[in-house]
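Model the following, please.
(one chain, ligands or ions: 3)
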Amino acid sequence: MASKRAVTHNGKAKPKGLQFGPALMERLDQFATHTEVPGQLTRRYLGGAPYLDAMRQVEAWMKEAGMAVRIDPLLSLFGRYEGTKPGRPAIMIGSHIDTVVDAGRYDGGLGVLAAIAVVEELARTGERLDHAVEVAAFGEEEGSRFSAHILTSSALVGDVKAALLDTRDADGISIREALAACGGDAKAYRSCIRKKGDIAAYLELHIEQGPVLEAKGLALAAVTAINGSVRSRVAVTGFAGHAGTVPMNARKDALAAASEMVLAIERLAGAETELVATVGRMGVLPGAQNVIPGRVEFTIDMRSPSDALRKRAHAALLAELRAIARRRGVKVEIDTFQENAATALDPGVIEAAGEAIEACGQQPLRLSSGAGHDAGIMAKLCPSGMIFVRCKDGVSHNPAESITVADADLGVRAMLEAVRCLDRRLSPW
Ligand code: GLV
Ligand code: MN
Ligand code: MN
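Ligands and ions are numbered 1, 2, ... in the order given. Alright, predicted model coming up:
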């Protein structure tokens, strides 16, 4: 992406102090009240009224900020603030509105509400860019209800196959059914696809979800790349039996076998510095105190910045799980259902993000992301980038997620500067 012209924004004087942080933090607190579980934040994609209430809230904030709102058939929201040349490509900013189970309030929500604050400020001062600014509030990023992680941005780039919408949750409800119940339309999923050239660039503000910024005493970073990942479901079938009568040497205990597998996964990933692997979900059947477990199902999530290392390690891991199953006389079935390659973000967007961070008086650290993000998917469609915000102790996917009001303020300011910078760099007219 080449720099076309270096016009600096000469609009209203930049106000001093925390112009955006307090209001943003207040909205984030309010947004966290849309939850399925009182007393914690759990807002899964299509998880009933809390998801719909969150959508309505975002829609209202977008409209208040002067955006025209469109909701796509998979129930992501897009708020558009036209540029000086209506119909021209948009610079898209945003993140996701779903959460993990028992989440913090900043993963996803920060990026969406900060993006709305950016447009609010443009509208407040009457500033129009050449490009439209489009705020994306993606519906499904976390894979919390359905094993369809990053579904909604994948739909935008044309990466969703119809069969994925038949994915069922733990209660046997499919994405299609859940969409219909929430007013969406699975059959129209292909109309989510955006043409190449519709979106000039995508930029996402997100908490770092790691400890580097805090350790370095820095508030913001320009993100360079997103790690690749692979996800598998494993089913171990042994033989259920009486916990009191079957001798230890005559058992086919599916849970004991699965436990050995979990430790093998931990050992294998721990042997490589650039590899992490997690068993985050496990179900034991029949799940009774006095019955030897007959079947265990669990998930594996493995990630690395190196696709070659990840593929090699994953293949070695599956071989190891099969060896454990053979030795213990149980059956193992492995379904690898999702794989995302590591993604280098766009050098021009990284530069714009770095420039914006510097314009806010901050040192522009470059950092790669261990977590997955919509930006990694959007990179298939347009130049994409991210700005990370420091979070306390690097904690995320945990209710203890925390950022400061000053860093939230910096995040909005950096996004505002980055959008202006991208507008200058991308303008061909
Ligand atoms: C999303 O948060 C992921 O990286 O799993
Ligand atoms: Mn996120
Ligand atoms: Mn997350």
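
and the residue of the stretch 101-250 of the chain nearest ligand 1?
For the stretch 101-250 of the chain and ligand 1, the shortest gap (C-beta to the nearest ligand atom) falls at Glu142, measuring 5.5 Å. From N, CA and C alone the C-beta is placed, and that goes for glycine too.

Surely that residue touches Thr152?
No: using C-beta atoms under 8 Å, Glu142 and Thr152 do not qualify as a contacting pair, with a distance of 10.9 Å.

ok, which stretches of the stretch 301-429 of the chain are helices?
Along the stretch 301-429 of the chain, counting by DSSP state H, counting those that start in this stretch, helices occupy 307-328, 347-359, 374-378, 405-426.

mind showing which ranges of the stretch 301-429 of the chain have poor pLDDT?
Residue ranges of the stretch 301-429 of the chain with pLDDT under 70: 428-429.

related to what we said a few turns ago, residues that sit against both of Glu142 and Thr152, list them.
Tyr45, His96 (C-beta atoms under 8 Å, 6 or more residues apart in numbering).

The two: which has the busier surroundings?
Counted by other C-beta atoms under 10 Å, Glu142 and Thr152 do not tie: Thr152 has more neighbours, with 26 against 22.

Report whether the expected contact of that one with Leu74 is present.
Yes: Thr152 is within contact range of Leu74, at 5.2 Å (criterion: C-beta under 8 Å).

list the residues that contact both of these two?
Common neighbours of Thr152 and Leu74 are listed as Gly139, Glu140, Cys192 (criterion: C-beta under 8 Å, 6+ apart).

Please identify the most buried of the helices of the stretch 301-429 of the chain.
helix 374-378 (a mean of 28; mean count of other C-beta atoms under 10 Å).

one step back: what's the spacing between the residue of the stretch 101-250 of the chain closest to ligand 1 and Phe78?
19 Å (C-beta to C-beta, to the nearest Å).

got it, and His206?
Separation of His206 from Phe78 (C-beta to C-beta): 18 Å.

Same question for Ile226.
Distance from Ile226 to Phe78, by C-beta to C-beta: 22 Å.

Between the two, which has more neighbouring residues?
Ile226 (27 against 21).

one step back: in terms of distance to Ala65, which of the shared contacts of Thr152 and Leu74 ranks first?
Ala65 lies nearest to Gly139 out of the shared contacts of Thr152 and Leu74, by C-beta to C-beta, at 19.8 Å.

As a quick check, tell me the outermost residue of this structure.
Most distant residue from the mean C-alpha position of the chain: Thr245, 48.1 Å away (C-alpha atoms, centre = their mean).

Ok, which of the helices of the stretch 301-429 of the chain comes nearest Arg233?
Arg233 lies closest to helix 307-328 among the helices of the stretch 301-429 of the chain, at 12.0 Å (C-beta to C-beta).

what's that closest one packed up against?
Contact partners of helix 307-328 among helices and strands, from 3 or more C-beta pairs under 8 Å, 6 or more residues apart in numbering; DSSP states H and E: strand 228-237, helix 254-270, strand 295-304, strand 331-340.

Redo those as CSV? Include distance to Glu401 and mean neighbour count.
Shown next, in CSV, are the helices and strands packed on helix 307-328 (distance: least, C-beta to C-beta, whole Å; neighbours: other C-beta atoms under 10 Å):
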stretch, distance to Glu401, mean neighbour count
strand 228-237, 21, 21
helix 254-270, 24, 19
strand 295-304, 19, 22
strand 331-340, 23, 15
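
May I have the predicted confidence score for the closest residue to Ala181 other than its chain neighbours?
Spatial nearest neighbour of Ala181, excluding adjacent residues (C-beta to C-beta, 6 or more residues apart in numbering): Leu46 at 7.5 Å. The model reports Leu46 with a pLDDT of 98.

Does the residue farthest from the centre of the chain belong to a helix, a strand or coil?
Classification of Thr245 by DSSP: H, G, I helix; E, B strand; the rest coil places it in coil.

and what of Gly158?
Applying three-state DSSP: Gly158 is coil.

Next up, the contacts around the residue of the stretch 151-300 of the chain found nearest ligand 2.
At 5.7 Å from ligand 2, His206 is the closest residue in the stretch 151-300 of the chain, using C-beta to the ion. His206 is in contact with Ser95, Asp107, Gly108, Leu110, Gly111, His373, Met386, Ile387, Phe388, Val389, counting by C-beta under 8 Å, 6+ apart.
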